[in-house]
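> Fold the following.
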Amino acid sequence: MHYWRPSEEIGEVLEFEKLEYIFPKVKIIYQIIKDKKLLDKYVCFTFNEGVLSLRFSDECHRSEINNLKYVDSRNPGQYGRKELWPLYTMENSEFEKWYLSKGAGPGFGAEITDYVFVDSVNLLEVLSNYEPIVTIHHSVNDI
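Okay, the predicted model is just below:
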């Protein structure tokens, strides 16, 4: 499991706002929390090419991520979850294995990535062949 850091503006916690699906585009929107303060900033993850699959998980599944091996690009020699962070990527995850076991192909790209979004309540996993476009907004209405 890798820390995923697509923007320095993203805080240590995200608050789920909404998920939009208009074929084939998927948008996932979170409000940014920094230093325990809910900011008037929102981060939007846009999968323009669609996604292969997505799932929400409950608190029980969230606790399992603490037992995984973490790799941080800022400190590649250190393993383990050293800090609170809301975004991760995984290769060959259990979710990906489940998806492929159903006879679904790998999609249009050569590699599947499991994008993991952790907020204060949920864990959202998105399987995609493409990295989402990440944008920061000052109002949810601007997205």
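
> where in this protein is pLDDT low?
Under the criterion pLDDT under 70, the flagged ranges of the chain are 58-84, 104-110.

> Name the single longest helix found in this structure.
Determined from DSSP state H, the single longest helix within the chain is helix 94-101.

> mind checking how far it is from the chain centre?
Put simply, helix 94-101 sits 17 Å off its chain's centre (Cα atoms, centre = their mean, to the nearest Å).

> What residues sit buried inside it?
The neighbour-count check on helix 94-101 (16 or more other Cβ atoms under 10 Å) flags 95, 96, 99 as buried. The C-beta positions use only the backbone N, C-alpha and C, and glycine is treated the same way.

> and what of stretch 114-126?
The neighbour-count check on stretch 114-126 (16+ other Cβ under 10 Å) flags 114, 115, 116, 117, 118, 119, 123, 124, 125, 126 as buried.

> what does stretch 89-104 contact?
Identification of contacts with stretch 89-104 by Cβ atoms under 8 Å, 6 or more residues apart in numbering yields 1-2, 4, 52-53, 55, 68, 106, 111-116, 125, 127.

> how close does the residue of the chain positioned farthest from its centre get to residue 96?
Most distant from the centre of the chain: residue 103, at 24.2 Å, with distances by Cα atoms, centre = their mean. Distance of residue 103 to residue 96, computed by Cβ to Cβ, to the nearest Å: 14 Å.

> Equivalent analysis for residue 53, please.
Per Cβ to Cβ, residue 53 is found 9 Å from residue 96.

> joint contacts of the two?
Residues touching both residue 53 and residue 96 comprise residue 127, with contact defined as Cβ under 8 Å, 6+ apart.

> Give me the residues contacting the host helix or strand of residue 115.
Assignment of secondary structure by DSSP states H and E places residue 115 within strand 113-118. Contacting residues not belonging to strand 113-118 are listed as 1, 4, 14, 28, 30, 45, 62, 65, 85-91, 93, 95-96, 123-129, 131-132 [Cβ under 8 Å, 6+ apart].

> What segments of this protein are strands?
Per DSSP state E, the chain carries strands over the ranges 2-3, 13-22, 25-34, 37-47, 53-57, 87-90, 113-118, 123-128, 133-137.
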